[in-house]
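Chemist: I need the structure of the sequence given here:
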Amino acid sequence: MFLINLNKEYNDLKNIINNNKIKMLKTINKSLLDSYWHVGKTVYFLLNGKRAEYGKHIIEELSKRLTNDFGKGFTKRNIHYMLKFYENFPIVQTVSAQLTWSHNETIL
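Modeler: Numbers count the residues shown, from 1 in each chain. Got it, this is the predicted structure:
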């Protein structure tokens, strides 16, 4: 019978895979935050000085279109959060690498 002890190699591979998963999730998180920040920035400039009713229609229309193209995650409520995100963090790089979207929703 041929037995090999693979514990060390297995643990090394497991660590490599887990570390790369964490890197991937951080990259995805940064990309999502960047996208949400840009949505907020666009809404901010579209609403600049506009009536509340006008702004409501802009957000509704963006929500419909973005949800149609990209699926859930772009509700009117979430777009309001994205707007607040931009208003509170006008320079996205200051927070994008440190916080997740869930952290930002809680802060806002």
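
Chemist: in this protein, which helix or strand is least confident?
Modeler: When the helices and strands of the chain are scored by mean pLDDT, DSSP states H and E, helix 93-96 comes last with a mean of 58.

Chemist: which SS class is Asn19?
Modeler: Classification of Asn19 using DSSP: H, G, I helix; E, B strand; the rest coil returns helix.

Chemist: what number of residues lie near it?
Modeler: Using other Cβ atoms under 10 Å, Asn19 has 10 neighbouring residues. Placement of C-beta: from N, CA and C, glycine included.

Chemist: same question, the one 5 residues further on
Modeler: Close neighbours of Met24, defined as other Cβ under 10 Å, add up to 10.

Chemist: per-residue confidence at it?
Modeler: We note a pLDDT of 95 for Met24 in this prediction.

Chemist: quick one: the strands in the chain?
Modeler: For the chain, no strands are identified by DSSP state E.

Chemist: where do the helices sit along it?
Modeler: Assigned by DSSP state H, the chain shows helices spanning 7-47, 52-70, 76-88, 93-96, 101-107.

Chemist: burial measure for Tyr10, as a count.
Modeler: 10.

Chemist: distance of it relative to Ile17?
Modeler: To Ile17, Tyr10 is 11 Å away according to Cβ to Cβ, to the nearest Å.
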